[in-house]
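**Q** sequence and predicted structure are below.
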Amino acid sequence: MTLHRIAKRILFGSIVLTLAFSGVVIAQEAPPAETQEETAAAAVGEFEGIVKLGLGKFFYLPAAKGYDVIVQGTIQGEDASFLTDKEVRVKGSISKDEPQVFVADSIEVKTASGQYQTVFTRTEEPMLDDYIGSRARAEFPPVGTMAYNKNEEWEGKGKAKVYGQLVDNAIVVRDDKDKEVGKILVDNISQFASYYIKKLRLFDKFWFYINIKDTVDWQVRRRTRELFHADVVFAGLY
């Protein structure tokens, strides 16, 4: 082999090693890629569409899929029900405490002329006092067998969820054969729960997340199948 060919091979090897080393350095110095959640969170900031339901401080906007939009304050002197059936543009950010909540910083409503008019600008921090997020829902286990003589299934449980149908002021619970096995007397429904019950208007039965209260007297339970009192704090399909 001539000296000329040896020199060329040495030069080529040096170039390969240099490029390889550069690649390692670049790989080490390159910033870590964003996670999908971080990317999605960064992209969220504005939604447009027609509000399907507004109640209290929350409203349902299909374009904001997966989020409960909260309005901390009033909208022209009214609550979020003011926005029902209106086309809006809402700007804001995801709550640091509850990743399923989108905090509205400003809301604009489309007028008959096609222009957007500002109807809300947030001036205070959001209060999620009655909000029940996905993590909190895990604290509500399902009640066992429901029957007038099965009070051990609910007494002392505190929090629980039951599957049934809201009729007047009671949750009617049925067995697999659609036979009524008991009623839970509802003393109170939180505003957030009322909002979700209205969202579930296409369903007859769903899960009620409740705070269990006093058990109905034995003789009354046996006669009426009214089992116990409870406050409803959330409602959902699972």
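**A** Now that the structure is in, tell me what you want to look at.
**Q** break this structure down into its domains, please.
**A** Domain assignment for the chain by automatic domain parsing gives 44-121, 134-236.
**Q** what is the neighbour count of the closest residue to E155 other than its chain neighbours?
**A** Residue nearest to E155 in three dimensions, not counting chain neighbours: T215, with 5.9 Å by C-beta to C-beta, 6 or more residues apart in numbering. Using the backbone N, CA and C atoms, a C-beta is placed for each residue, glycine as well. When counting by other C-beta atoms under 10 Å, one arrives at 15 neighbours for T215.
**Q** can I assume T215 is in contact with F228?
**A** Yes. In this structure, T215 is within contact of F228 by C-beta atoms under 8 Å, at 4.6 Å.
**Q** quick check: neighbours shared by those two?
**A** Residues within reach of T215 and of F228 at once, by C-beta atoms under 8 Å, 6 or more residues apart in numbering, are N151, W154, E155.
**Q** what ranges do the helices span in this structure?
**A** Assigned by DSSP state H, the chain shows helices spanning 3-29, 36-43, 134-137, 191-199, 218-224.
**Q** can I get the last one in CSV, CA atoms only?
**A** Coordinates of the C-alpha atoms in helix 218-224 are reproduced here as CSV (Å, rounded to 0.1, in the frame of the first residue of the first chain):
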residue,chain,number,x,y,z
TRP,A,218,-86.2,0.3,60.6
GLN,A,219,-90.0,0.2,60.4
VAL,A,220,-90.1,2.9,57.8
ARG,A,221,-87.4,1.2,55.7
ARG,A,222,-89.3,-2.0,55.8
ARG,A,223,-92.5,-0.4,54.6
THR,A,224,-91.3,2.2,52.1
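**Q** need the residues that contact it.
**A** So helix 218-224 is contacted by Y148, N149, N151, K183, T215, V216, E226, L227 (C-beta under 8 Å, 6+ apart).
**Q** need the residues you listed in CSV with distance to Q76, can you?
**A** Listed next are the contacts of helix 218-224 as CSV, based on distance: C-beta to C-beta, whole Å:
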residue, distance to Q76
Y148, 50
N149, 54
N151, 49
K183, 41
T215, 46
V216, 44
E226, 43
L227, 44
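**Q** using ChimeraX, make a named selection holding only the buried ones among the residues you listed.
**A** Burial among the contacts of helix 218-224 is assessed by 16 or more other C-beta atoms under 10 Å; the matching ChimeraX selection reads:
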select :148,183,216,226,227
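**Q** which of the contacts of helix 218-224 sits closest to A80?
**A** K183 (31.3 Å; C-beta to C-beta).
**Q** pull the contacting residues for the residue lying closest to that closest one once chain neighbours are set aside.
**A** Residue nearest to K183 in three dimensions, not counting chain neighbours: A170, with 4.4 Å by C-beta to C-beta, 6+ apart. By C-beta under 8 Å, 6+ apart, the contact set of A170 is K183, I184, L185, V186, E226.
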